[in-house]
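>>> Turn this into a model:
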Amino acid sequence: MKIINGLKRLLYGSTTYFTIKQGSVALRGISFVELYREQLEYPTTIVGIDIKMESNNKAEFRIACDGEKIFPFGDTNTVPDMPVALMNIEVAAGSLLTVEVKGMVPKDSFVVVLSEMDCIVKK
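Numbering: from 1, shown residues only. Model prediction:
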């Protein structure tokens, strides 16, 4: 099937479409837990992210590809209070994409929701 899809892309070009990813998880203190996980079938560009949590709580997040952190440039990024447009993060087909979150103090155990992760997929 991948060979057929590759030949179609060579002959007809690629199809680009927009998709929204969602998920949720309970924090386990200051250890990272997976909020979202997907083995990508096609090249994907992440353009925005919106993470929600209970009021007055703070958490940090990172985006990883095949176990290697690809966003942010520092170790982690504090979850913002509103949706964020990211610089375009391109992830290759066949990669394991994960969004991970962690609490900021050892006893954090509230729920974090990936309200939406805006992606552009090239088929």
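
>>> ok, the residue most central in space within the chain - contacts?
For the chain, the residue nearest the mean C-alpha position is Val99 (4.3 Å; C-alpha atoms, centre = their mean). The neighbours of Val99, taking C-beta atoms under 8 Å, 6 or more residues apart in numbering as the test, are Gly23, Glu34, Leu35, Tyr36, Arg37, Ile49, Phe61, Arg62, Ile63, Ala64, Leu114, Met117. (Glycine included, C-beta is placed from N, CA and C.)

>>> now Asp108
Contact analysis of Asp108 by C-beta under 8 Å, 6+ apart lists Leu27, Gly29, Ile30, Asn57, Ala59, Lys102.

>>> Could you report the pLDDT at the residue nearest to the centre of the chain?
On pLDDT, Val99 comes in at 94.

>>> where's Ala85 relative to Asp66, distance?
Distance of Ala85 to Asp66, given as C-beta to C-beta, to the nearest Å: 25 Å.

>>> The two - which one has more neighbours?
Using other C-beta atoms under 10 Å, the more surrounded residue of Ala85 and Asp66 is Asp66, with 13 against 9.

>>> correct me, but the more buried one touches Ser95?
Yes - counting by C-beta atoms under 8 Å, Asp66 touches Ser95, with 5.5 Å between them.

>>> Where does the residue nearest to the centre of the chain sit, in terms of helix or strand?
strand 96-103 (DSSP states H and E).

>>> Report the buried residues of that strand.
Going by neighbour count (16 or more other C-beta atoms under 10 Å), the buried part of strand 96-103 is Leu97, Thr98, Val99, Glu100, Val101, Lys102, Gly103.

>>> Ok, stretch 58-71 next?
Of the residues in stretch 58-71, Ala59, Glu60, Phe61, Arg62, Ile63, Ala64, Cys65, Lys69, Ile70, Phe71 count as buried by neighbour count, 16+ other C-beta under 10 Å.

>>> Next secondary structure element downstream of the helix or strand where the third one lies?
Yep, that's Phe61 we're talking about. Secondary structure from DSSP H and E places Phe61 in strand 59-65. Remark: after strand 59-65, the chain's next helix or strand is strand 68-71, criterion DSSP H and E.
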